[in-house]
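Engineer: Below is the structure, and that's it, no one-letter string:
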């Protein structure tokens, strides 16, 4: 009887190597990473497999490759989830967002919105203002449902979007410099779980106006001559920060700052701890208000230890309004807001993804500005263009002038 030339130990070693190679091949095919020590990376897709038309922005600064800033290049912008609150009857909006996400390399999870007329009167908070439109309670309940979902599923961080959101073609580059700013303001160490630092509760990225804190010395992150910043003449929102220190007030300057109050929630990020505090305040204590006012109030009062609300000014994401019947823009009201929209537009954005989908579908990389007459660059090539990098700025309370 002949014996094998290989001992059982050698055969076992060869088998182990084959298993390791197989696992690595499967991991490479799917492009998924899972870090049991870092829940912020559980939804990451890094490196993602790019299609010829997927936007892959060039980003200044070699430090992103030696820190977790690189996680912002994944399919969830460095958060564990991106949730989109959307009525199940608005598959048209979901179609458009799905296509935009495809070209931006993003992964969205749609969460069904709530029809306010279906909210039982028994679950209305005791102090709810009954003069609010019926759609407002539905919107409030929809956001609350997401917070509860985060708590049940132990989701550490999430970006939450509403289904009329749009974003710039340079969203990943924008969020990378935004993260540099949030980390600077928090004095974050080099090693953090979240690429945005670990000391925040809310990141306001898709507001329709905000205010800064003027009664304290504070840090800012300032990016000058940012071509993705909407020119001052095109801004229509009324709530604005005090930008009387000249270093903060350029026409195309973007700021990362500590937020006092804000309105609107086209997009924002929240931590698990932040979600728990809001559920406690809004549902358990029943301090309920329209959801953007509720979040803004908690930020302003630093309630329940909720004292780190940071944001971008101007906003990073905008709101898309398609051409046609304006009644289709919002699901909070059945009343048209005016005559038909003659053209599609994405408010507060310079290079909207939605308005450049045709270009991206053709595999082209040169995208056009929405308002070229007021744009720093009328078009950019997303395959070569690099956004400018911001810098830290310190402002004392005495430097703000009264407005």
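Structural biologist: Arrived safely. None of these values were measured; they are calculated from a predicted model.
Engineer: Now do the phi/psi pair for residue 192.
Structural biologist: Taking degrees, to the nearest 10, you get phi -130, psi 160 for the backbone angles of residue 192.
Engineer: OK, contacts around the nearest residue to it once chain neighbours are set aside?
Structural biologist: Setting aside the residues directly before and after it, residue 192 is nearest to residue 198 in space (CB to CB, 6 or more residues apart in numbering), at 4.8 Å. Bear in mind the C-beta positions are built from the backbone N, C-alpha and C, glycine included. With contact set as CB atoms under 8 Å, 6 or more residues apart in numbering, residue 198 has these partners: 186, 188, 192.
Engineer: Pull out the buried positions in stretch 154-171.
Structural biologist: Buried residues in stretch 154-171, counted by 16 or more other CB atoms under 10 Å: 155-171.
Engineer: Among the residues you listed, which ones are in helices?
Structural biologist: residue 171 (DSSP state H).
Engineer: remind me, longest strand of this structure?
Structural biologist: strand 254-262 (DSSP state E).
Engineer: following the one helix or strand in the chain whose mean pLDDT sits lowest, which helix or strand shows up next?
Structural biologist: Least confident helix or strand of the chain, by mean pLDDT, DSSP states H and E, is helix 8-30 with a mean of 60. Next helix or strand after helix 8-30 toward the C-terminus (DSSP states H and E): strand 81-86.
Engineer: Would you mind checking the average pLDDT for that following strand?
Structural biologist: For strand 81-86, the mean pLDDT works out to 98.
Engineer: outside of it, which residues touch it?
Structural biologist: 43, 76, 93-94, 97, 106-113, 142-143, 146, 149-150, 155, 157-163, 165.
Engineer: where does this protein have low pLDDT?
Structural biologist: By pLDDT under 70, the low-scoring segments of the chain are 1-14, 16, 18-66, 302-307, 325-337.
Engineer: Now residue 99: closest residue in space, sequence neighbours ignored.
Structural biologist: Excluding its sequence neighbours, the residue lying closest to residue 99 (CB to CB, 6+ apart) is residue 357, at 6.1 Å.
Engineer: Now that neighbour: phi and psi?
Structural biologist: Residue 357 adopts backbone torsions of phi -60, psi -40, taken as degrees, to the nearest 10.
Engineer: What is the burial count for it?
Structural biologist: By the measure other CB atoms under 10 Å, the count of residues near residue 357 is 16.
Engineer: and it, what does it touch?
Structural biologist: Shown in contact with residue 357 (CB under 8 Å, 6+ apart): 99-100, 103.
Engineer: Just the buried ones among these, please.
Structural biologist: Among the contacts of residue 357, those scoring as buried are 100, 103 (criterion: 16+ other CB under 10 Å).
Engineer: Residue 295: which of the contacts of residue 357 is nearest?
Structural biologist: Using CB to CB, residue 100 is the member of those that sits closest to residue 295, with 24.9 Å.
Engineer: Now do the contacts for residue 344.
Structural biologist: Residue 344 touches 320-323, 354-355, counting by CB under 8 Å, 6+ apart.
Engineer: how about the helices of this structure, start to end?
Structural biologist: Assigned by DSSP H, the chain shows helices spanning 8-30, 91-104, 134-153, 171-186, 272-279, 291-301, 357-361.
Engineer: Out of these, which is the most enclosed?
Structural biologist: Greatest average neighbour count among these goes to helix 171-186 (a mean of 24), per mean count of other CB atoms under 10 Å.
Engineer: How far away from the center of its chain is that helix?
Structural biologist: Remark: helix 171-186 is offset 11 Å from the chain centroid, using CA atoms, centre = their mean, to the nearest Å.
Engineer: what does stretch 347-360 give?
Structural biologist: The chain centroid and the centroid of stretch 347-360 are separated by 17 Å under CA atoms, centre = their mean.
Engineer: start to end distance for that stretch?
Structural biologist: Distance across stretch 347-360, first residue to last, is 20 Å (CA to CA, to the nearest Å).
Engineer: buried sites along that stretch?
Structural biologist: The neighbour-count check on stretch 347-360 (16+ other CB under 10 Å) flags 347-357, 359-360 as buried.
Engineer: quick one: which of the residues you listed is nearest residue 219?
Structural biologist: Closest to residue 219, out of all of the buried residues of stretch 347-360 and judged by CB to CB, is residue 348, at 24.7 Å.
Engineer: thought that closest one was touching residue 312?
Structural biologist: No. If you go by CB atoms under 8 Å, residue 348 and residue 312 don't touch, sitting 11.2 Å apart.
Engineer: From residue 343, how far off is residue 245?
Structural biologist: Counting by CB to CB, to the nearest Å, the gap from residue 245 to residue 343 is 37 Å.
Engineer: contacting residues for residue 97?
Structural biologist: Contacts of residue 97 by CB under 8 Å, 6+ apart are 84, 86, 108, 161, 163, 165.
Engineer: Likewise for residue 116?
Structural biologist: Residues near residue 116 by CB under 8 Å, 6+ apart: 133-139, 141, 332.
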